[in-house]
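Participant: Coordinates only, no sequence provided:
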């Protein structure tokens, strides 16, 4: 076999191999199915329940609301009572 024939057969085998290697570099890697599961779990743990359970609810008294609106219109609003501040202090400070 002559050297030119050998070179041609080597080239014929080399080009498809190089083309396959070049195309393999273009492949997009697929992430694992569990990729990001820790982040999703942490976000779910920090979210408030968007549908909180129903409570007994505040029932409004129509007559009481009407009286409050009338006092507001007449300028006779009842001032709220002073609740004061809490007695929480740091360790070692007088309360």
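Facilitator: Happy to help now that I have it. Only a predicted model underlies this, so the values are computations on that prediction, with no experimental measurement involved.

Participant: any weak-confidence spans in the protein?
Facilitator: 1-2, 50-52, 56-58, 85-95 (pLDDT under 70).

Participant: Just give me the residue right at the centre of the protein.
Facilitator: Among the residues of the chain, the one closest to the centroid is residue 43, at 4.8 Å (Cα atoms, centre = their mean).

Participant: and that one, what element?
Facilitator: helix 37-46 (DSSP states H and E).

Participant: who's in contact with the helix or strand following that helix?
Facilitator: Once helix 37-46 ends, the next helix or strand along the chain (criterion: DSSP H and E) is helix 62-74. Contact with helix 62-74 is made by 77-78, as judged by Cβ atoms under 8 Å, 6 or more residues apart in numbering. The way it works is simple: take the backbone N, C-alpha and C, and place the C-beta from them, glycine included.
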